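1. model the structure of this input:
(one chain, ligands or ions: 1)
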Amino acid sequence: MAIVKAYQGKCCYPGLGFGALSCSFFGSSFKSFSVSFCDRVVNIVEIEQGVAMALALITGASSGIGKATAERLAAAGYSLWLTGRRQERLDLLRQQLVDKYSVQVETFCFDIQKATAVDSFIEQVQSRLSGLDILVNNAGLAKGAEKVQEAKLSDWDEMIDTNIKGLLFLTRKIVPAMIKAQRGTIVNLGSAAGRWVYPGGAVYCATKFAVRAISEGLRMDLAGTGIRVCNIEPGMVDTDFSLIRFGDSAKAKAVYAGMKPLSAADIAESILWVIQQPAHINIQELVIFPTAQAAVGQVHRT
Ligand SMILES: NC(=O)c1ccc[n+]([C@@H]2O[C@H](COP(=O)([O-])OP(=O)(O)OC[C@H]3O[C@@H](n4cnc5c(N)ncnc54)[C@H](OP(=O)(O)O)[C@@H]3O)[C@@H](O)[C@H]2O)c1
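-> Here you go, the predicted structure:
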């Protein structure tokens, strides 16, 4: 089932074009409504300013930016496919979003580092991939902050396999369906660390430099297909990111001490803004810092 936006008496959905739909289908309290249209069953969702409602896949939705993005997109009426490795967190989030926003949410639990796990996920959704409009490649992490000469090889493997290879595995499998549909928006979660390196961050930064390169290269490879690619590059965001990185809550807390970092919701709002731009506008890159962070490594603390 595809999701369309009902707005000012018209039904707008890429691929279906504009078709007249009677205003009497929906009133101000309208929430969700299914109708047959152009040989497809479509679900009319609540009226809100913006562009077509759609189906979005968000990786790493069990926490932080991915979770906040799921919440923000659900509030805007999007249908969601949410992924992560912690099934119970995904289940809880799904229930909350369904109860609160009456949207369709499906969860998929797998490790994005494993190409075979990505393949089985794709097999599950293959017949419905043509309805996917948005891919948010968010799953990612930093592990450790040791100098190169002291770092653990397993930390490097995990960062490279998740942030680069996982993103590539999934993107490779999804893009052909988007090309066929001649539409789609891919939002990659890069980082300010993908532009500026800091001590102890060589490999994490390298993975995010890679995300920037992949975003640029993908945009070139997709030129003419109508598919947009955006790289979001945040500075400090208060999520579980530092806890995962250091495995120590005191160290993680210290990262944000005496300053106001960005929240996951701040980034989610920007992602929504990016994907809701008219189809001819592609926000290629978005660098977002907290005001208290002038540059990577320069933070004003009180
Ligand atoms: N926080 C920041 O300051 C900051 C700044 C710039 C960029 N970023 C980027 O933003 C993205 C989200 O990070 P966050 O800050 O929201 O951190 P977070 O709260 O730790 O969330 C990370 C998410 O990624 C998922 N994930 C990690 N490894 C995975 C794997 N192997 N397979 C599937 N899912 C995996 C986690 O889910 P499971 O553990 O359930 O698998 C979790 O949902 C990352 O790409 C990060 O590099 C963060």
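
2. sec struct for E123, please.
-> The three-state label for E123, taken from DSSP: H, G, I helix; E, B strand; the rest coil, comes out as helix.

3. residues contacting it?
-> Taking CB atoms under 8 Å, 6 or more residues apart in numbering as the contact definition, E123 lies against nothing. Backbone N, C-alpha and C define where each C-beta goes, glycine included.

4. what of F108?
-> Listed by CB under 8 Å, 6+ apart, the contact set of F108 reads 81-83, 90, 121, 124-125.

5. helix, strand or coil for it?
-> For F108, the secondary structure call by three-state DSSP comes out as strand.

6. what does the stretch 51-200 of the chain have sitting close to the ligand?
-> Residues of the stretch 51-200 of the chain lying close to the ligand (CB under 6 Å from any ligand atom) are 60-66, 84-86, 111-113, 138-141, 162, 166, 189, 191.

7. so which residue is dead centre in this structure?
-> V136 (2.5 Å; CA atoms, centre = their mean).

8. please settle this for me: is that one part of a strand?
-> Yes. Under the criterion used here (three-state DSSP), V136 sits inside a strand.

9. does it touch G184 like I think?
-> No. When contacts are counted by CB atoms under 8 Å, V136 is not listed as touching G184 (11.7 Å).

10. hey, where'd the helices end up in the stretch 101-250 of the chain?
-> In chain order, the stretch 101-250 of the chain shows helices spanning 115-125, 153-159, 167-181, 202-221, 241-246, 249-255, with DSSP state H, counting those that start in this stretch as the criterion.

11. and those: which comes nearest L286?
-> Nearest to L286 among the helices of the stretch 101-250 of the chain is helix 202-221 (11.1 Å), distances taken as CB to CB.

12. what comes up buried for that closest one?
-> Residues of helix 202-221 classed as buried: 203-212, 214-215, 218-219 (neighbour count, 16 or more other CB atoms under 10 Å).

13. before we move on, what about stretch 121-130?
-> By 16+ other CB under 10 Å, the buried positions in stretch 121-130 come out as 121-122, 125, 129.

14. next one: stretch 102-121
-> Applying a neighbour-count criterion of 16+ other CB under 10 Å, one finds 103-110, 112-113, 117-118, 121 buried in stretch 102-121.

15. out of those residues, which one sits closest to the ligand?
-> When those are compared for distance to the ligand, the smallest value, 3.7 Å, is given by I112; criterion: CB to the nearest ligand atom.

16. turn the buried residues of helix 202-221 into JSON lines, columns for distance to the ligand and pLDDT.
-> Output for the buried residues of helix 202-221, formatted as JSON lines (distance: CB to the nearest ligand atom, whole Å; pLDDT from 0 to 100):
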{"residue": "V203", "distance to the ligand": "12", "pLDDT": "98"}
{"residue": "Y204", "distance to the ligand": "8", "pLDDT": "98"}
{"residue": "C205", "distance to the ligand": "11", "pLDDT": "98"}
{"residue": "A206", "distance to the ligand": "12", "pLDDT": "99"}
{"residue": "T207", "distance to the ligand": "8", "pLDDT": "99"}
{"residue": "K208", "distance to the ligand": "7", "pLDDT": "99"}
{"residue": "F209", "distance to the ligand": "12", "pLDDT": "99"}
{"residue": "A210", "distance to the ligand": "12", "pLDDT": "99"}
{"residue": "V211", "distance to the ligand": "8", "pLDDT": "99"}
{"residue": "R212", "distance to the ligand": "12", "pLDDT": "99"}
{"residue": "I214", "distance to the ligand": "13", "pLDDT": "99"}
{"residue": "S215", "distance to the ligand": "13", "pLDDT": "99"}
{"residue": "L218", "distance to the ligand": "16", "pLDDT": "98"}
{"residue": "R219", "distance to the ligand": "19", "pLDDT": "98"}
